[in-house]
Structures are given as structure tokens and as C-alpha cells.
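Participant: What would the 3D arrangement of this be:
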Amino acid sequence: MQNVPQSAIITRPHRPTCVASQRRARRSAAGRLLVASLLVFAMASGRAAGPGRDSADQSAAPLPDYAAIIASPIRTDADRRDDERRRPLEFLRFAQVRAGMNVLDVSAGGGYTTQLLALAVGPKGNVWAQTPKPRESFEKRLTAHPQANIHTLVRPFDDPYPTDAPRLDLITFILNYHDVANTPVDRAVMNKRLFEALRPGGHLVLIDHAAAKGSGLRDTKTLHRIDEDVVINELKQAGFVLEEHSDFLQNRDDPHTQAFFDMNGPTDRFALRWVRP
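Facilitator: Modelled structure (predicted):
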């Protein structure tokens, strides 16, 4: 308990009271204590309704003005150069990001996707940016333009989100599933954790560089690509249901023989939207 300065203590003269008066005083004090306790609980619950709340279904909320989000002045010149190959307008439409959503961005990297999501969900939404270790480029982005609705999670891939945190409306996993395949991470455990982090009806959007059909995990380390069928099978085993496959990042001219950083143009990428039943 905090020590109160003697100068702040107010003394009052003692007045004798009868037994009935003492009982009434005790009942009155107990009543005030109960009311005070309820008020404290209500205030704590109100605070938990911020980043710690369980989100309601936001699927009925109107779609934000994605073009205005992409034009935000806080986005960097490097982001705008990447827009041509990453297609942020089509991505936001495919992910169906809405104001007020709770979102987890897995393997947030430098924060390109995280920042877009945070702009889209607005001040009443939250975006948790998961990364297995701190990233200087990500911290530099937040230092330049702090966003109160972005929360950094330094956690391993096989335990990417706290079990006692609010359930999510959306999870994004962009261009990094193939990298996780190159680590000792148990992807079955990771995918199950992601499934459990979503509320029923919540979505997972996964995008990655496509490897040749039938190649399995052969090219994950050398070409930084992954066979789409591997991803589909692994997510189905975790309980996800494939809701939509989009071709907005498809490149039919990609021979699937080079790493993305060795190509003159964009890779062929698959985009999958999953739902938790």
C-alpha cells in the first residue's frame, strides 16, 4: 500500500455511537464496497474491450476505401514500388479486410502487409504482427509512423499467438510459408494453433511463390517456392476449409525454375482464402 504523508491525513473528533448505528454504518460501508468493486470490475472489463477483447463477427461491416488506404501518406516509397508486384488493392479485396477486425499477420517481416492491414481495420481494430525475432526494418517503420493498433508479437511459429488472447477475424500468411518449411518447426502444430486462434467463421489468407506441380517441398530452400498442393493438404489436415482460390497473382509465363529474387518479373503466386468452420 502506498504510504500517505502525515500532512494529508485529516483527523476528526471521536463521537460515541450506539450499537444500531454501528450496524447501519457497517451495512452502508459494505454496500459502498460492493458498488466500488463492481465499478472497478466494469472499468477493467472496459479496458479489456480494447486490444484484449474477443472480437465479434465483422463480416457485415462495410468494406473500407481500399484505394484511399493504399494512397496513405505514411506508406513508404519502397512500399509503392512493391505495389506493382504485390497488388495491394486485389489483396485487400481478397482478404475482405474490414474496420474493427482483429487480425494476425504471421511472419510480418518489414511490415508491408501489417501496415496495410492496420490502416484497413482502423482505430477500432487491431493487428498483431508475429515475428520469431525482432526485425530492425519493422521497428524503423513503426518509429517513423507509430500506429496504436499494431501490436508486435515476438513468438515462435509453432506457438504464434497467445491462447488467452482474443479470437481473430483474420490471419494473413504472406510469402513465407515456404520459409517455415525450411526450419525445424512442426507445421502441423503451427497450423492447429492458427486454426484455434480464429473465431468460427474467421479466415486465413495464405499467399506464396508457386513451385512446379508435384515438386512437394523440393524447392523450398533452393528456389524459395512451395508446391500449392502441399499447402492445401496441410491446412486441410488442421481443419481449415478452402473457401476461394484467386489468380490475381498468377503468372503463367513463370517457368518455376528460378528464385523470386533472380527473376526479372513477378513469380507465379497462389492465393488461398480459408475459413474456420
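Participant: Kindly report the domain assignment for the chain.
Facilitator: Listed domain ranges for the chain are 18-48, 66-275 (source: automatic domain parsing).
Participant: For Thr163, give me phi and psi.
Facilitator: Per-residue torsions, Thr163: phi -70, psi -20 (degrees, to the nearest 10).
Participant: need the contact list for Ala181.
Facilitator: Ala181 makes contacts with Arg187, Leu217, Thr220, Ile226, as judged by Cβ atoms under 8 Å, 6 or more residues apart in numbering. In this view, the C-beta of every residue, glycine as well, is placed from N, C-alpha and C.
Participant: change it to 10 Å
Facilitator: The contact partners of Ala181, taken as Cβ atoms under 10 Å, 6 or more residues apart in numbering, are Arg187, Asp208, Gly216, Leu217, Asp219, Thr220, Lys221, Ile226, Val230, Val231, Glu234.
Participant: what about the fourth one, how many neighbours?
Facilitator: As a burial measure, the neighbour count of Leu217 was computed by other Cβ atoms under 10 Å and equals 14.
Participant: Roughly how far does the residue sitting nearest the centre point of the chain sit from Thr152?
Facilitator: Centroid check for the chain by Cα atoms, centre = their mean gives Leu104 as the closest residue, at 1.6 Å. Distance, Leu104 to Thr152, using Cβ to Cβ, to the nearest Å: 12 Å.
Participant: Mutual contacts of those two, please.
Facilitator: Here Leu104 and Thr152 share the contacting residues Thr114, Val127, Trp128, Ala129, Gln130, scored by Cβ under 10 Å, 6+ apart.
Participant: Tell me the one of those residues nearest Pro162?
Facilitator: Trp128 (9.1 Å; Cβ to Cβ).
Participant: Double-check that the closest one belongs to a strand.
Facilitator: Yes - assessed by DSSP: H, G, I helix; E, B strand; the rest coil, Trp128 belongs to a strand.
Participant: Bridged to it, which residues?
Facilitator: Trp128 forms beta bridges with Leu104, His151, as assigned by DSSP bridges.
Participant: All set now, cheers.
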